[in-house]
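Enquirer: show me the folded form of this:
(one chain, ligands or ions: 1)
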Amino acid sequence: MTDYDHDFYNPAPEPARAVIRAVPYPAELNPRGITITCTGCGARRDWLLLADHDQIFVRCRCAHEWREPDLTRADFDRHYVEPEHEWDDFDTAMRALAFDGLLAGTTWNLD
Ligand SMILES: [Zn+2]
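Expert: Below you'll find the model as predicted:
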């Protein structure tokens, strides 16, 4: 007779790899007609949008980051095309994208 105990054996799940998608957004954001402003440094543009499941976060060049409930997953997906890079951890990603605070106050004229 088979040992059915094994049917109840659930191996520990693989450690879930945190998948946070990020997309730079150089322009101003005004999802409700009010331009989003960084409370850390007063910047009004040049954001990094982060999507963690259905929550959207905005990150500033000064490394200030907050959840922006006015932005939806659909907003994010409109700007997100496809993954360009993959990083092992969040800090590395932020450094690579120059959103780790080093460039706080820096703005580029992209026009
Ligand atoms: Zn800022």
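Enquirer: buried stuff in stretch 47-63?
Expert: 47-51, 56-63 (16 or more other Cβ atoms under 10 Å). Every C-beta, even on glycine, is put in place using the N, C-alpha and C of the backbone.
Enquirer: measure it end to end?
Expert: 10 Å (Cα to Cα, to the nearest Å).
Enquirer: any idea how far that stretch is from the middle of the chain?
Expert: Centre-to-centre, stretch 47-63 and its host chain are 4 Å apart (Cα atoms, centre = their mean, to the nearest Å).
Enquirer: ditto for stretch 66-84
Expert: The answer for stretch 66-84 is 8 Å, by Cα atoms, centre = their mean.
Enquirer: and it, what's buried?
Expert: The neighbour-count check on stretch 66-84 (16+ other Cβ under 10 Å) flags 68, 71, 75-76 as buried.
Enquirer: out of those residues, which comes closest to the ion?
Expert: Nearest to the ion out of the buried residues of stretch 66-84 is residue 68 (Cβ to the ion; 13.2 Å).
Enquirer: please, which helix or strand holds the closest residue to the closest one other than its chain neighbours?
Expert: Leaving aside its chain neighbours, residue 68 sits nearest to residue 58 (4.6 Å; criterion: Cβ to Cβ, 6 or more residues apart in numbering). Applying DSSP states H and E as the criterion places residue 58 in strand 55-59.
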